[in-house]
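Novice: Have a look at this prediction, sequence included:
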Amino acid sequence: MIIKLKGQVRGGKNSVMTTRTGRRYPNPLFSKWVMEMLASIKIQHGTITPINDFSYYWEFHYTPEDNRRRDVPAVLDGVFHLFEKAGIVTDDRYITDIRFITFPANKDTAGMIIYIDKAEINP
């Protein structure tokens with residue numbers, strides 16, 4: 001399966017904000033990004049049978065839109081939560097066999113292409 005996310009991928013680690021009174025709420029930019037990506041995934045794949053085991057290989061090809069420093073674990077965290085919400089995985093703990101490649105920044109082609117394939121397990 002191939003999933004394409006267009007535009008700047010949002011990190012998920014700081015996606016929850018807190019008011020002075022301690023009330024927590026989602027970051028509006030992250031929430032908007034999630035909704036846009038959910039719609040994009042639905043257009044690309046329709047109904048997906050969720051992955052619920054560790055037998056998959058995940059390759060992430062990431063192109064940022066600018067040269068600002070990015071926190072790769074935060075970017076992956078955002079994508080993992082997106083995959084749970086989209087029903088691609090039942091739990092993001094199943095995303096274990098990962099390869100993450102960052103390409104040079106390009107505003108025109110910013111985004112991420114994710115390749116998901118059954119892993120070949122060698123004894």
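Specialist: Thanks, I have the structure now. Numbers count the residues shown, from 1 in each chain.

Novice: Neighbours of residue 58, how many?
Specialist: Neighbour count for residue 58, taken as other C-beta atoms under 10 Å: 22. Backbone N, C-alpha and C define where each C-beta goes, glycine included.

Novice: Which helix or strand contains it?
Specialist: strand 56-63 (DSSP states H and E).

Novice: Report the mean confidence score over that strand.
Specialist: Mean per-residue pLDDT for strand 56-63: 96.

Novice: Check stretch 107-123 too.
Specialist: For stretch 107-123, the per-residue pLDDT averages 85.

Novice: Just the C-alpha atoms of the strand holding residue 58, please, in PDB.
Specialist: Below are the C-alpha coordinates for strand 56-63, written out as PDB (Å, rounded to 0.1, in the frame of the first residue of the first chain):
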ATOM      1  CA  TYR A  56       4.700  -5.100   8.100                       C
ATOM      2  CA  TYR A  57       7.600  -3.000   6.800                       C
ATOM      3  CA  TRP A  58       7.100   0.800   6.800                       C
ATOM      4  CA  GLU A  59       9.100   3.200   4.700                       C
ATOM      5  CA  PHE A  60       8.600   7.000   5.000                       C
ATOM      6  CA  HIS A  61       9.900   9.300   2.300                       C
ATOM      7  CA  TYR A  62       9.700  12.800   3.800                       C
ATOM      8  CA  THR A  63      10.100  16.100   1.900                       C
END
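
Novice: How about residues contacting it?
Specialist: Contact partners of strand 56-63, identified using C-beta atoms under 8 Å, 6 or more residues apart in numbering, comprise 9, 75-76, 79, 94-95, 97-106, 109-119.

Novice: three-state assignment of the most centrally placed residue in the chain?
Specialist: Nearest residue to the geometric centre of the chain (C-alpha atoms, centre = their mean): residue 79, 1.6 Å. Three-state call for residue 79 (DSSP: H, G, I helix; E, B strand; the rest coil): helix.

Novice: tell me the contacts of it?
Specialist: Residue 79 touches 5, 9, 12, 60, 112, 114, counting by C-beta under 8 Å, 6+ apart.
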